[in-house]
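In: Predicted model, plus sequence, below.
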Amino acid sequence: MSGHSKFANIKHKKEKNDAAKGKIFTIIGREIAVAVKEGGPDPANNFKLAQVIAKAKANNMPNDTIERGIKRASGEDGAVNYEHITYEGYGPNGIAIIVETLTDNKNRTAADVRSAFTKGGGNIGTPGCVSFMFDEKGQIIIDKEECELDGDDLMMMALDAGAEDFSEEEDSYEIITAPDDFQAVYDALTAEKLTFASAEVTMIPQNYVELTDENAIKQLNRTLDLLDESDDVQAVYHNWDE
């Protein structure tokens, strides 16, 4: 599996998110609430919660904020019912887009997502229309500047912990795992005091598509920006080679 570094995109997103950290924490807080409701408050016995906590820490969410979210979700205040809904569709030039949402109002969310696609010149398709172009994988990205380990040593450590692929880019390392092996690899690397630019189970495109038409790029960015503005949108995956 060839590596495709998303480090530059992650840095760009983190810079954007630093100005709206509250929104990121709200999104992750919803994921914590759903994970606790579905599997209980103990991450040792709740794989989904452990994954969300890993994502929270990669986004620099304070431990006490994470713990408060878990406690809140465990109590009566955690009674809000959120529903997972995934939308699939196409942006300009057939760019494949998957939108994961977590909502307490399906009509509002559907209208927001449909509007984002329409205003960017795309359209929502039927379930499954583009997801076959992606693989669900655990992905850990490490900034070389934040890593004291030699690349070969890091690779052996990750592979020994259960990773299925390792790639080295100019400024980062990317570790890929099967979804079920993500937590074991994450825990092994965390035990070595490593810090992550990103750590989550995500959807990785099997192939990437380049856009050269400036108008298509502008339209796609409009769709992605509008989706980013929706509080109900948890994650957006696409196969555009930015």
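Out: Yep, that arrived.

In: Quick check on the residue lying closest to residue 145 once chain neighbours are set aside: phi, psi?
Out: Excluding the flanking residues, the one nearest residue 145 by C-beta to C-beta, 6 or more residues apart in numbering is residue 171, at 7.4 Å. Heads up, the C-betas are built off the backbone N, CA and C, glycines and all. Main-chain dihedrals, residue 171, degrees, to the nearest 10: phi -120, psi 10.

In: Could you give the number of residues near residue 171?
Out: By the criterion of other C-beta atoms under 10 Å, residue 171 has 13 neighbours.

In: Residue 101 is in what secondary structure piece?
Out: strand 96-103 (DSSP states H and E).

In: avg pLDDT for that strand?
Out: Averaged across strand 96-103, the pLDDT comes to 94.

In: How about stretch 42-61?
Out: 90.

In: ok, back up a step: you'd agree the residue nearest to residue 145 is up against residue 143?
Out: Yes: counting by C-beta atoms under 8 Å, residue 143 is a contact partner of residue 171 at 7.0 Å.

In: so after the helix ranked longest in the chain, what's the next helix or strand?
Out: Using DSSP state H, we find that the single longest helix of the chain is helix 21-39. Later in the chain than helix 21-39, the nearest helix or strand by DSSP H and E is helix 47-58.

In: who touches the lengthiest strand in the chain?
Out: The single longest strand within the chain, with elements called by DSSP state E, is strand 134-143. The contact list for strand 134-143 (C-beta atoms under 8 Å, 6 or more residues apart in numbering) reads 5-7, 10, 96, 98, 154, 158, 171-179, 181-182, 185-186, 189, 194-206, 237, 239.

In: I'd like the secondary structure assignment at residue 129, please.
Out: At residue 129 the chain is in coil, as set by DSSP: H, G, I helix; E, B strand; the rest coil.

In: any idea how far it is from residue 175?
Out: 30 Å (C-beta to C-beta, to the nearest Å).

In: how does this structure divide into domains?
Out: Following automatic domain parsing, one finds the domains of the chain at 7-79, 83-132+207-238, 134-205.

In: Can you identify each of the strands in the chain by residue range?
Out: 83-90, 96-103, 123-124, 134-143, 165-168, 172-177, 198-205, 233-238.

In: any chance of these in TSV, plus distance to residue 114 and mean neighbour count?
Out: Shown next, in TSV, are the strands of the chain (distance: least, C-beta to C-beta, whole Å; neighbours: other C-beta atoms under 10 Å):
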stretch	distance to residue 114	mean neighbour count
strand 83-90	8	17
strand 96-103	10	22
strand 123-124	6	14
strand 134-143	21	20
strand 165-168	36	17
strand 172-177	33	24
strand 198-205	21	21
strand 233-238	12	20
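
In: would you turn these into CSV with distance to residue 27?
Out: Output for the strands of the chain, formatted as CSV (distance: least, C-beta to C-beta, whole Å):
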stretch, distance to residue 27
strand 83-90, 13
strand 96-103, 8
strand 123-124, 21
strand 134-143, 18
strand 165-168, 27
strand 172-177, 23
strand 198-205, 12
strand 233-238, 6
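
In: Compare the ones you listed and give me the one nearest residue 48.
Out: Between residue 48 and the strands of the chain, the tightest spacing by C-beta to C-beta is seen for strand 198-205, at 9.3 Å.

In: Show the average pLDDT along the closest one.
Out: pLDDT averaged over strand 198-205 gives 92.

In: If anything else comes up later, I'll come back, but that's it for now.
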